[in-house]
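> Give me a model of this one.
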Amino acid sequence: MSVRSIRRDPGRSHARVPAEPRRPSSLDLATAEEHTLDHEATFRRLGFLDLDLSGRTAEAVEFEQCRIRGTDLSGTQLDGATLRDCLVENSNLANLRADRPTLLRVRIASSRLTGAHWVNGSLRDVTIAGCRLDLSSFRFSDLHTVAFEGCNLSRADFQHADLTGARFTDCDLTGAQFSQAKLAGARFANCDLAGIGGVTSMAGAIVARADLIALSYTLAGALGITVEDEAP
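Numbering: from 1, shown residues only. Got it, this is the predicted structure:
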């Protein structure tokens, strides 16, 4: 894996910023009694505020132009779910399971996603900011124009994921796994990359100079290089 240095033009952005969700003109208030997570349920222009939806199971649920705030979805199984033009804030999505999910123009902020599984899915124009995603999994997912900002992604699993053009800013990625991932054009800035797995899959990624020290030791270990201190 070759390493080259590029000079960044501070007046020019090299990565497209994810599009923001399209906000509805008004929202109706969802209730746990009237808006249950049933198979193939469709929710449009609803506010899920301070609801307990934990431990549920439903397939092919669609959320469109919804706002989810202060809601507990921990341990819920939502295979084939679609979130389009949605805003998720201050919610608990720990251990949520969503195989084959589709997220389009979604923002997730200040939420807990420890152990969440977004496997074999499609995420486009998604921003995840200030969230805890340790032990989460994005295996085999396509993450195009996705930004992680100020997130704890320690020991997250990105194996076989397509992260082309994704952005990681101010994130803790210690012990994260990138084996067989596609990282061409992915950007890492002010991130902790110590102990990441699959470091040889980072061909084509763009890493801030300040982040290279931890990455270099990880790369040396992956290549079987022994690093020793100079003799006095």
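> Adjacent strands (with direction) for the host helix or strand of Leu103?
Using DSSP states H and E, Leu103 falls within strand 102-109. If you go by DSSP bridges, strand 102-109 pairs up with strand 82-89 (parallel), strand 122-129 (parallel).
> ok, residues contacting that strand?
The contact list for strand 102-109 (Cβ atoms under 8 Å, 6 or more residues apart in numbering) reads 18-22, 81-90, 93, 118, 121-131. C-beta here means a position set from N, CA and C on the backbone, and glycine is covered the same way.
> Put the buried members of the residues you listed into a PyMOL selection.
Here is the PyMOL command that selects the buried residues among those (16 or more other Cβ atoms under 10 Å):
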select buried, resi 18+19+21+81+82+83+84+85+86+87+88+89+93+118+121+122+123+124+125+126+127+128+129+131
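> Adding distance to Asp192 and mean pLDDT, write the strands paired with strand 102-109 out as CSV.
Output for the strands paired with strand 102-109, formatted as CSV (distance: least, Cβ to Cβ, whole Å; pLDDT from 0 to 100):
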stretch, distance to Asp192, mean pLDDT
strand 82-89, 25, 98
strand 122-129, 17, 98
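> Name the helix or strand for the nearest residue to Leu27 once chain neighbours are set aside, please.
Once flanking residues are discounted, Leu27 sits nearest to Gly47: 4.3 Å by Cβ to Cβ, 6 or more residues apart in numbering. Per DSSP H and E, Gly47 falls inside strand 46-49.
> In terms of secondary structure, what does that strand contact?
The contact analysis (3 or more Cβ pairs under 8 Å, 6 or more residues apart in numbering; DSSP states H and E) places strand 46-49 against strand 28-29, strand 67-69.
> okay, the ones you listed, which one's buried deepest?
Each of the helices and strands packed on strand 46-49 was scored by mean neighbour count; the highest is strand 67-69, a mean of 21, by mean count of other Cβ atoms under 10 Å.
> Residues in contact with the strand holding Gly47: which ones?
Leu27, Asp28, Leu29, Ala30, His35, Phe63, Cys66, Arg67, Ile68, Arg69, Gly70, Thr71.
> now, which of those sits nearest Asp52?
Thr71 (7.7 Å; Cβ to Cβ).
> Model confidence at that closest one, what's the number?
Looking at Thr71, its pLDDT reads 98.
> same thing with Pro10?
On the pLDDT scale, Pro10 gets 43.
> The one 4 residues further on too?
Here the pLDDT value assigned to His14 is 53.
> likewise Ser216?
On the pLDDT scale, Ser216 gets 68.
> can you tell me the distance between the two ends of stretch 184-194?
End-to-end span of stretch 184-194 (Cα to Cα, to the nearest Å): 20 Å.
> thinking again about what came up before, could I get the strands paired with strand 102-109 as CSV with distance to Cys151?
Converted to CSV, these look like this (distance: least, Cβ to Cβ, whole Å):
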stretch, distance to Cys151
strand 82-89, 14
strand 122-129, 6
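> right, and those strands - which one's nearest Ala147?
Ala147 sits nearest to strand 122-129 of all those, at 4.8 Å, using Cβ to Cβ.
> Done for today, thanks.
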